[in-house]
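Participant: this one's structure only:
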């Protein structure tokens, strides 16, 4: 018995999408100018399809979907979105948008160049903070925002209050020092010229009020001294002092090496 061969089903695929309109007279509404090759109706939005046999037709969206072997609706929508995007790229509005963007970029470059001329030392200090392993993430975040504001032409970025100014001055000083390290071993007597970096109040029932004072020497050594004694105050933060003391222990805090000192004397 001979097998019956079925005719091959013609398949259609979308090869284009367009809008065809005309204006009968100036001021009148735009009207559809396309014609569907399947049903003969006037259409505004034209789907161009091509068959597996090579035949090309312009049809409306409804006729495209109902064609035997016709494309899926998703394929038509993809072609429509591509057409709309191409029209947008060719529109005056897109050209104006691109011109505004070019002007914005040019203005930003001009502001950045002016900032480099007006605030060279401040920017150098902030960028040193960003690059230094001695500075905390908190200090780097503030320095990054300050650089962004200065480069953007927002001069108020440098209008710090006294506490902010001290914090940035300390961070800049730290940034130009060698990487953090320790000094000596247990029992060693030491003396260093150091930056008075921080002062933290410690309260406990056993010891009452004490202060943790942190110093960073000009050779990079980080030293902390916990005591109720001493006449250094918060107003002294940022000063360079001479510290003499005895090494208690070496360790680290948040990954930064530091030496804990005992029986210190500090002179300004």
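Facilitator: In hand now; what should we look at? Bear in mind the structure is a predicted one, so any value in this text is a computation, not a measurement. Numbering: from 1, shown residues only.
Participant: and residue 165, how far is that from residue 90?
Facilitator: Using C-beta to C-beta, to the nearest Å, residue 165 is found at 54 Å from residue 90. (C-beta placed from N, C-alpha, C; glycine too.)
Participant: actually residue 252, not the one I typed
Facilitator: From residue 252 to residue 90 the distance is 62 Å (C-beta to C-beta).
Participant: now do residue 25
Facilitator: From residue 25 to residue 90 the distance is 25 Å (C-beta to C-beta).
Participant: again with residue 180
Facilitator: Computed as C-beta to C-beta, the residue 180 to residue 90 distance reads 59 Å.
Participant: ok, now residue 79?
Facilitator: Note on residue 79: its distance to residue 90, by C-beta to C-beta, is 17 Å.
Participant: So those two - more neighbours on which side?
Facilitator: residue 79 (21 against 9; other C-beta atoms under 10 Å).
Participant: Just confirm the more buried one is within a helix.
Facilitator: Yes - secondary structure of residue 79, determined by DSSP: H, G, I helix; E, B strand; the rest coil: located in a helix.
Participant: so who does it touch?
Facilitator: 14, 16-17, 47 (C-beta atoms under 8 Å, 6 or more residues apart in numbering).
Participant: Show the buried residues in the residues you listed.
Facilitator: 14, 17, 47 (16 or more other C-beta atoms under 10 Å).
Participant: In strands, which of the residues you listed appear?
Facilitator: Among those, DSSP state E puts 14, 17, 47 in strands.
Participant: Spit out the contact partners of the residue lying closest to residue 52 once chain neighbours are set aside.
Facilitator: In this structure, residue 52 finds its nearest non-sequential neighbour in residue 11, 4.4 Å apart by C-beta to C-beta, 6 or more residues apart in numbering. Residues near residue 11 by C-beta under 8 Å, 6+ apart: 51-52, 69.
Participant: can you pull out the strands in the stretch 101-250 of the chain?
Facilitator: Secondary structure of the stretch 101-250 of the chain (DSSP state E, counting those that start in this stretch): strands at 189-204, 208-217, 222-227, 240-253.
Participant: same question for the helix or strand where residue 258 lies, mean pLDDT?
Facilitator: Taking DSSP states H and E as the definition, residue 258 sits inside strand 256-267. The average pLDDT for strand 256-267 rounds to 93.
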